[in-house]
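# sequence below, structure please.
(2 chains)
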Amino acid sequence: MLPALARTARHHGLFTKAGVRGFASQVSEMTVRDALNSALDEELARDDKVYVLGEEVGEYQGAYKITRGLLQKYGPDRVKDTPITEAGFTGIAVGSAFAGLRPVCEFMTWNFAMQAIDQIINSAAKTLYMSAGQINCPIVFRGPNGAAAGVAAQHSQCFAAWYSSVPGLKVLAPYDSEDARGLMKAAIRDPDPVVFLENEILYGQAFPVTPQVLDKDFVLPIGKAKVMREGKHVTLVSFSKMVGYCLKAAEQLAKEGIDCEVINLRSIKPLDRDTLLASVKKTHKIISVEEGWPQCGVGSEISAIMMELAFDELDAPVLRVTGAEVPMPYAANLEAAALPQIDDIIKAVKSIA
Amino acid sequence: MRRASAAPVRGYAVSSSTADAYLEVPGGRVPYTPELRFLGGPDAPIPTMPCYRTIDATGQDVPGAHIPHPLSQDLALRMYGAMARLQTMDTMFYEAQRQGRFSFYLTCQGEEATNIGSAAGLGDQDMVFAQYREQGVLLWRGYTLDQFANQLLGNALEPGKGRQMPIHYGSPAHAYQTISSPLATQMPHAVGTAYAYKVDRLPRVAVTYFGDGASSEGDAHAAFNFAAVLGAPCLFVCRNNGYAISTPAHEQYKGDGIAGRGPMYGIPSIRVDGGDVRAVYNAVMEARRRALGQQPQQPAAAGQQGKGGGLLTEPAAAAGGGGGGGGYAAAAGPGPVLIECMSYRSGHHSTSDDSSRYRTSEEMRAWRSRDPVARFRSWLARQGWWDEAREAELRRSTRQEVLAALDRAAQVPKPPLTDMFTDVYAPIAAGATATAGATAGGEDDGGAAGLLPHLAAQRAATLDFARRHPGVCPPDVPLR
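Next up, the predicted model:
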């Protein structure tokens, strides 16, 4: 068993995947933190071109402990603590990727990546195109995205919409531990620059994982969404932490006879239009849920796609449940009011159900 | 109070060695001083770093110059040939832009020695991260006039597929990274590549060129600091040509230029006369050795050009005075080196600029008379290695070659419309599973193979539209 799993394994005799028997039904639990840590560990072991850099990733074991143990295991050439300069270490990571290394560049939060956004977009995203296919940039940018708890405006912004508009980037947002492992491995193995949007609140949350997920070559396809819960009355589409909120809303709505289909995007770019369209063909109603701001958010893109490609399928307008259009306030009650809550999702569903 | 009896450190009185003479902090060991004194600034200016030069303004050898790498006749003629071709090529391409043959150009007039001298000192595999005024480095490495012309016209032979503005050259075959427009972003890239070379134990350096203006960018500071911390074998070559578009250098910084900053980052630094191609060449050769952690070259024996005395090598530990303090010493082993080449931007910033709006014609005339190409020509003539007949022939033949290259490039069609959609992402190999739903060949015309589905769909829609509206696509742009 993997060291990370040995720390967190708990067997749930109750929890079996439908149709799976014997060893394959042996499901254990793993936190998202451990899922990310184990994925990084395995990829560092698999390919010696892979290395991790960022502030506090080494000696401190990671600001959020995602890189715990890696410096001790792989040494300072593979796990690099950097001076405090996002623009600097991002540019250096990009330059090393141009030369054939495969960096995993951590931002303490995606808010601080704004100090490096030129390197991410003008250098990493666009260079393959501008060099007409001659210069690759196989880099993963990762870190916590979106709201945490009581960290106010400069630590709480969601960047999914911004990065997902840039051609040349792939943008991933894991929800559970299966997502975290499979998408992180896919990102590291991908030849293109990948923006990997984690969530601080989810780091400590444990999710069931099968032996298949724990396999060291478990890779999820980029550009494919996952139907977390099938339903027939309305489609809820989301990513990251809001997937959990949608699932809880669906549970409550089920008691009132409203059957929700919950889709976990996993990949914001490329966006899995086919899964969304197939769902809307079934339910004829769709609501997008995100933490970020409403104007030009991910929900705006989903609305446009539905209008252009599924107009005749819709029995109601596409709704967007989003964060309030304010810089995130600090006070706990204000923060809760500024973010979508389960009740907001329920209210939105009932307005069109 | 104990009297200060040790030698002063940078002018400060320090206590003699006692247990209490030093402050030990995580950053290192710092000697105490009882003096309240500020270093730097108008009250206590730090001396300006002098400028290394081996050939004077009239083309004569500077007596006593250190020349660890003397120029053979062969190498000198090759360098001069490149400088003269560069100068002629620049002039003609500039004129071609004014005539409307392509949209943009910028020359490196006044900096030919910086370009060629530095290029000649590098290894062929040393990856160059240039800013935009280093076409001479490409020329030195064998980029042909046809290749220059193709890029400027953005035609189908251009390996960049017409995706970039003119002068944004790139050629992996010549170890020249594609030019990127935002200033100074290439500096951390170079450090990252140098770090990769170090990790892979390759005997190469990464080189980055940048101007006096670009050195103000935040990326420059991060690159300097980081390169030193990482011990990355990176050469920083600053082209201090006096102007950043209209901003003169004295409005760009208030310290001792760019070379003056290097030692404070822990980077061995030198200031060079950028108009003296032999000085630039020697500085780069020595910088490269230091960057790789090699021993400096000992000077040539007396009797060769310039009598070399001892090389100015200061072992790291001896830098900075005082008893055993260590000072601001760069570590031994691979690491960055900074070279500031002082020159003058004789031409306008680019074809979009008219510098007569911000500088006097007297100033420009004065600098034109210090043309580095003329200076080296004069030196060559003194060696008996060059004459007017050869000069005339070189210029004439270069002019013809440039004109012919432009004419040939103009005949080549533009890249096809369908090239617009490739290289956004790496191509999906047939059978690859990493990305869902990718088309791995087998599209309507096979050309969408390897594109992600949304790009394949856009390509198909664009082709369809262009076929149904033939007038929309310009005649020299094929569909595919």
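# what are the buried residues along stretch B:340-359?
Of the residues in stretch B:340-359, those buried under the neighbour-count criterion (16 or more other Cβ atoms under 10 Å in any protein chain shown) are B:340-351, B:355, B:359. No exception for glycine: its C-beta is placed from N, CA and C like everyone else's.
# B:Ala175 is in contact with B:Met127, correct?
Yes: assessed by Cβ atoms under 8 Å, B:Met127 is found in contact with B:Ala175 at 5.0 Å.
# the more surrounded of these two?
When neighbours are counted by other Cβ atoms under 10 Å in any protein chain shown, B:Met127 comes out ahead of the other of B:Met127 and B:Ala175, with 26 against 18.
# and the strands in the stretch 351-480 of chain B, which stretches?
Using DSSP state E, counting those that start in this stretch, the strands of the stretch 351-480 of chain B do not appear at all; there are none.
# for it, give me the ranges with low pLDDT.
Applying pLDDT under 70 to the predicted model, the residue ranges of the stretch 351-480 of chain B that meet it are B:430-446.
# any idea of the pLDDT on the residue nearest to B:Gly121 when sequence neighbours are not counted?
Nearest residue to B:Gly121, sequence neighbours excluded (Cβ to Cβ, 6 or more residues apart in numbering or on different chains): B:Val284, at 3.1 Å. As summarised for this prediction, B:Val284 has a pLDDT of 98.
# in PDB, list the C-alpha atoms belonging to the helix or strand containing B:Val284.
Taking DSSP states H and E as the criterion, the element that holds B:Val284 is helix B:277-291. Listed in PDB are the C-alpha atoms of helix B:277-291, where the atom choice follows Å, rounded to 0.1, in the frame of the first residue of the first chain:
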ATOM      1  CA  VAL B 277      34.200  43.700 -30.700                       C
ATOM      2  CA  ARG B 278      37.400  42.200 -29.400                       C
ATOM      3  CA  ALA B 279      36.600  43.300 -25.800                       C
ATOM      4  CA  VAL B 280      33.100  42.000 -26.000                       C
ATOM      5  CA  TYR B 281      34.400  38.700 -27.400                       C
ATOM      6  CA  ASN B 282      36.900  38.300 -24.600                       C
ATOM      7  CA  ALA B 283      34.500  39.200 -21.900                       C
ATOM      8  CA  VAL B 284      31.900  36.700 -23.100                       C
ATOM      9  CA  MET B 285      34.500  33.900 -23.500                       C
ATOM     10  CA  GLU B 286      35.700  34.500 -19.900                       C
ATOM     11  CA  ALA B 287      32.100  34.900 -18.600                       C
ATOM     12  CA  ARG B 288      31.200  31.600 -20.200                       C
ATOM     13  CA  ARG B 289      34.000  29.800 -18.500                       C
ATOM     14  CA  ARG B 290      33.000  31.300 -15.100                       C
ATOM     15  CA  ALA B 291      29.400  30.400 -15.700                       C
END
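# that one: how far from the chain's middle?
Mean C-alpha position of helix B:277-291 versus that of the full chain (Cα atoms, centre = their mean, to the nearest Å) differs by 13 Å.
# can you verify my assumption that the residue nearest to B:Gly121 contacts B:Val337?
No: with contact taken as Cβ under 8 Å, B:Val284 and B:Val337 are classed as non-touching, separated by 9.1 Å.
# report the set of residues contacting both of those two.
Here B:Val284 and B:Val337 share the contacting residues B:Leu235, scored by Cβ atoms under 8 Å, 6 or more residues apart in numbering or on different chains.
# what bits of the chain have low per-residue confidence?
Looking at chain A here, since you left the chain open. Applying pLDDT under 70 to chain A flags the ranges A:1-25.
# sorry, I should have been clearer: chain B.
Going by pLDDT under 70, which is the cut-off in play, chain B has low-confidence ranges at B:1-5, B:16-17, B:19, B:299-331, B:430-446.
# now A:Lys226. Nearest residue, chain neighbours left out?
Leaving aside its sequence neighbours, A:Lys226 sits nearest to A:Asn264 (Cβ to Cβ, 6+ apart; 4.6 Å).
# if we can go back for a sec, between the buried residues of stretch B:340-359, which is nearest chain A?
Nearest to chain A among those is B:Ser350, at 19.0 Å by Cβ to the nearest Cβ.
# domain parsing for the chain?
In the absence of a named chain, chain A is used. Residue ranges for the domains of chain A, per the TED database: A:28-209, A:226-351.
# that's the wrong chain, I wanted chain B
Following automatic domain parsing, one finds the domains of chain B at B:1-32, B:51-411, B:419-468.
# now those domains in TSV, with distance to B:Pro475?
As requested, those are arranged in TSV below (distance: least, Cβ to Cβ, whole Å):
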stretch	distance to B:Pro475
domain B:1-32	66
domain B:51-411	14
domain B:419-468	12
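# need phi/psi at the residue nearest in space to the middle of chain B.
Chain B has B:Tyr209 as the residue nearest its centroid, 2.2 Å off, counting by Cα atoms, centre = their mean. Summarising the backbone geometry of B:Tyr209 under the convention degrees, to the nearest 10, its torsions are phi -100, psi 140.
# ok, now which ones touch it?
Under the criterion of Cβ under 8 Å, 6+ apart, the neighbours of B:Tyr209 are B:Ser118, B:Val128, B:Phe129, B:Ala130, B:Gln131, B:Arg133, B:Glu134, B:Val137, B:Val237, B:Cys238, B:Arg239.
# sorry, back to before: just the ones of the buried residues of stretch B:340-359 in strands?
B:Glu340, B:Cys341, B:Met342 (DSSP state E).
# and the residue nearest to the centre of chain B, how close does it get to chain A?
14 Å (Cβ to the nearest Cβ, to the nearest Å).
# which residues touch the residue nearest to B:Gly121?
With contacts taken as Cβ under 8 Å, 6+ apart, B:Val284 has the following neighbours: B:Gly117, B:Ser118, B:Ala120, B:Gly121, B:Leu122, B:Leu235, B:Val237, B:Ile339.
# my guess is the last one contacts B:Cys234, does it?
The one in question is B:Ile339. No: the pair B:Ile339 and B:Cys234 does not pass the contact test of Cβ under 8 Å, sitting 11.5 Å apart.
# so for these two, which residue has more residues nearby?
Ranked by neighbour count (other Cβ under 10 Å), B:Ile339 and B:Cys234 place B:Cys234 first, with 37 against 29.
# and that one, what are its phi and psi?
phi -120, psi 130.
# picking up where we left off before, the residue nearest to A:Lys226 bridge partners, please.
Going by DSSP bridges, A:Asn264 is paired in beta bridges with A:Lys226, A:Ser238.
# didn't it look like it was pressed against A:Tyr175?
Yes: A:Asn264 sits in contact with A:Tyr175 when judged by Cβ under 8 Å, with a separation of 5.2 Å.
# shared neighbours, these two?
Overlap between the contact sets of A:Asn264 and A:Tyr175, as judged by Cβ under 8 Å, 6+ apart, is given by A:Phe239, A:Val243.
# picking that back up, and the contacts of B:Tyr209 near chain A, which?
With Cβ under 8 Å from any Cβ of the partner chain as the criterion, the members of these in contact with chain A are B:Phe129.
# nearest to chain A, of the contacts of B:Tyr209?
For these, the closest approach to chain A (Cβ to the nearest Cβ) belongs to B:Phe129, at 7.5 Å.
# would you map the strands across the stretch 251-353 of chain A?
A:260-264, A:267-269, A:286-289, A:319-321.
# compare those and give me the one nearest B:Arg37.
Smallest distance to B:Arg37 across these (Cβ to Cβ): 57.2 Å, for strand A:267-269.
# distance from that closest one to the middle of the chain?
9 Å.
# B:Pro416: what's it in contact with?
Contacts of B:Pro416 (Cβ under 8 Å, 6+ apart): B:Ala156, B:Val477, B:Pro478, B:Leu479, B:Arg480.
# with adjacent residues omitted, what lies nearest to the second one?
Just to be clear, that refers to B:Val477. Taking Cβ to Cβ, 6+ apart, and ignoring the residues beside it in sequence, B:Val477 has B:Lys414 as its nearest neighbour in space, at 4.6 Å.
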